[in-house]
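Participant: Please work out how this folds:
(one chain, ligands or ions: 1)
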Amino acid sequence: MTLGDKQRAFTRMIADLIQFAYNSGFELTFGDAFRDSRVHGAMGKKKSYSASSSNHKIRLAVDFNLFVNGEYITKGDHPAYIQLGEYWESLGGSWGGRFKGGDANHFSLEHNGRK
Ligand SMILES: [Zn+2]
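Facilitator: Have a look, this model is predicted:
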């Protein structure tokens, strides 16, 4: 599977995640999606707040802000985040809520060992 194949599959998966969220009674806004190398540095280069080797730089990660009953959810261990994370994993994605330190709003697709 090429990177382009993965990017296109990822975008389709994100559509399913958004549908799942709204069907579950949640709402989302976009946080970071693609992080352009002109701003954030090329893959492996540190130029901004972004991790040097972030999957955001290769269009394989999106951060979502989660709302439940209009309330912005900031705790990564909130049941709604866990529901979204588990659904995302069922599609084959990697959920940041499993990362060391927790990054619950991060939904990505693994590539070359990076999530
Ligand atoms: Zn992220």
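Participant: tell me the phi and psi of residue 111?
Facilitator: The phi/psi pair for residue 111 (degrees, to the nearest 10) reads phi -150, psi 120.
Participant: Neighbours of it, how many?
Facilitator: Residues near residue 111, counting by other CB atoms under 10 Å, number 18. Quick note: C-beta positions are derived from backbone N, CA and C, even for glycine.
Participant: ok, and the closest non-adjacent residue to it?
Facilitator: residue 60 (5.4 Å; CB to CB, 6 or more residues apart in numbering).
Participant: what's the distance between the residue of the chain found nearest the ion and residue 99?
Facilitator: In the chain, no residue comes nearer to the ion than residue 106, which is 3.4 Å away by CB to the ion. According to CB to CB, to the nearest Å, residue 106 and residue 99 sit 7 Å apart.
Participant: who has more neighbours, these two?
Facilitator: residue 106 (25 against 14).
Participant: dump the residue contacts of that one.
Facilitator: 61, 62, 63, 95, 96, 97, 99 (CB atoms under 8 Å, 6 or more residues apart in numbering).
Participant: Phi first, then psi, for the residue of the chain closest to the ion.
Facilitator: Dihedral angles (degrees, to the nearest 10) for residue 106: phi -100, psi 120.
Participant: Give me the number of neighbouring residues for residue 11.
Facilitator: Counted with other CB under 10 Å, residue 11 comes out at 14.
Participant: I'd like to check which residues are in contact with the residue nearest to residue 62 when sequence neighbours are not counted.
Facilitator: The shortest distance from residue 62 to any non-neighbouring residue, by CB to CB, 6+ apart, is to residue 33 (4.7 Å). Residues in contact with residue 33 (CB under 8 Å, 6+ apart) are 56, 59, 61, 62, 63.
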